[in-house]
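Student: here is the input, now give the coordinates:
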Amino acid sequence: MKKRFITLLLGSLLVLNLGCTNDSTENFVTETKRTNQNNKETTDLLYKGNGVKIKEVDGWEKVKESKEEDPWLVEFQHISGEGNLVLSEVSSDLSKDEIITEFQKSRPHMVGIDRFDGGFFFGIEQESHKYGKTFIKQIEDRKIVVTFLLTLEGKDIIISREVMDSVVDGITKN
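Tutor: Numbering: from 1, shown residues only. Here you go, the predicted structure:
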């Protein structure tokens, strides 16, 4: 009887132990999947910081980020060397015309400003094959200014409109 009791007790402990191990294994697998998903989301980003994130777009890499939040500034360069991308933030109270005026004050080489829905184009004086295209993106109570500084080769634009749109559309709240 004693031997049967000990066998039953050991069997019960073994079953309990297997049950706990199974739960632990399931928890481990679930945590591993969650971590892998978070890592995938992070690696699918071109940038994440200062309350915004940008989906990965082929060909761009971060080259500089300001240490201060005011003014917040992040710069990327296209691997072709034919364009730069600068992200910054302006007061959400500023209109497009006020933003253009501020740009002109801070960038005296801007010429030939041409407005479009959602932003503006500008040429860069003294550099005949360079121009800029700036998009203004509203994200909740913030205005993110996305400026592409591009090189023209003949009349072909090296960085396509589709690439620019995918960068701008890929900017969301973090």
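
Student: quick one, what contacts F76?
Tutor: Contact analysis of F76 by Cβ atoms under 8 Å, 6 or more residues apart in numbering lists L46, Y47, W60, E61, K62, V63, N84, L85, V86, L87. C-beta coordinates here come from the backbone N, C-alpha and C atoms, glycine included.

Student: make JSON lines out of these and add secondary structure and pLDDT.
Tutor: Conversion of the contacts of F76 to JSON lines gives the following (DSSP: H, G, I helix; E, B strand; the rest coil; pLDDT from 0 to 100):
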{"residue": "L46", "secondary structure": "strand", "pLDDT": "91"}
{"residue": "Y47", "secondary structure": "strand", "pLDDT": "91"}
{"residue": "W60", "secondary structure": "strand", "pLDDT": "90"}
{"residue": "E61", "secondary structure": "strand", "pLDDT": "91"}
{"residue": "K62", "secondary structure": "strand", "pLDDT": "91"}
{"residue": "V63", "secondary structure": "strand", "pLDDT": "92"}
{"residue": "N84", "secondary structure": "strand", "pLDDT": "89"}
{"residue": "L85", "secondary structure": "strand", "pLDDT": "91"}
{"residue": "V86", "secondary structure": "strand", "pLDDT": "92"}
{"residue": "L87", "secondary structure": "strand", "pLDDT": "91"}
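
Student: quick one: the closest residue in space to I159 that isn't next to it in sequence from D141, how far?
Tutor: Distances taken as Cβ to Cβ, 6 or more residues apart in numbering put G83 closest to I159, at 4.5 Å, once the chain neighbours are dropped. Going from G83 to D141 by Cβ to Cβ, to the nearest Å gives 29 Å.

Student: which one's more surrounded, these two?
Tutor: More crowded of G83 and D141, by other Cβ atoms under 10 Å: G83, with 23 against 6.

Student: contacting residues around the more buried one?
Tutor: Under the criterion of Cβ under 8 Å, 6+ apart, the neighbours of G83 are Q77, F148, L149, L150, T151, I158, I159.

Student: which two among these are spaced furthest apart?
Tutor: Q77 and I158 (12.6 Å; Cβ to Cβ).

Student: ok, these two, which is more surrounded?
Tutor: Shown here are Q77 and I158; by other Cβ under 10 Å, Q77 has more neighbours (17 against 14).
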